[in-house]
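>>> sequence first, then the predicted structure:
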Amino acid sequence: MIASILTYRLRKRWTVAEATAVFESTAPKYLRMPGLVRKHYCLTEAGDCVLGVYLWKSKADAEACYTADRLCGCSCDGGQPARSYRSRVTASSRLSVSR
């Protein structure tokens with residue numbers, strides 16, 4: 001498995017409500033994405049950056065999604081383009097933490 005984190009610097013700070021509305025509107029397009037096991041949306045506490053945390057079945061699945069065109073065009077609100085970080089998952093456990 002491959003874990004990826006994409007960061008998006010926002011032009012304007014978002015509230016949790018604004019981020020939730022955007023995340024809920026874009027989530028359906030990921031439901032049938034080949035090789036995607038899980039996606040998490042995150043908003044920084046300052047509200048100036050969002051992150052997409054992805055878990056892929058394979059490196060090929062991740063690379064098929066992260067084309068140069070997609071990364072340059074993905075900026076949520078017209079802010080800075082996404083930056084991508086990828087790493088092979090060597091071990092995992094099912095741990096749930098809630099507040």
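Cool, the structure landed.

>>> low-confidence ranges in the protein?
Low-confidence segments of the chain, defined by pLDDT under 70: 67-99.

>>> repeat that for 90
Judged by pLDDT under 90, the chain has its weakly predicted residues at 1-11, 26, 29-33, 50-52, 54, 59-60, 62-99.

>>> so which residues of it form strands?
2-9, 36-43, 49-56, 83-88 (DSSP state E).

>>> please identify the deepest-packed of these.
Comparing the strands of the chain by mean neighbour count (mean count of other CB atoms under 10 Å), strand 49-56 ranks first with a mean of 19. The C-beta positions use only the backbone N, C-alpha and C, and glycine is treated the same way.

>>> right, and Thr15 touches Gly47 too?
Yes: using CB atoms under 8 Å, Thr15 makes contact with Gly47 at a distance of 6.5 Å.

>>> and the two? Which one has more around it.
Remark: of Thr15 and Gly47, Gly47 carries more neighbours, 15 against 10, as counted by other CB atoms under 10 Å.

>>> excluding sequence neighbours, find me the nearest residue to the more buried one.
Once flanking residues are discounted, Gly47 sits nearest to Arg13: 4.0 Å by CB to CB, 6 or more residues apart in numbering.
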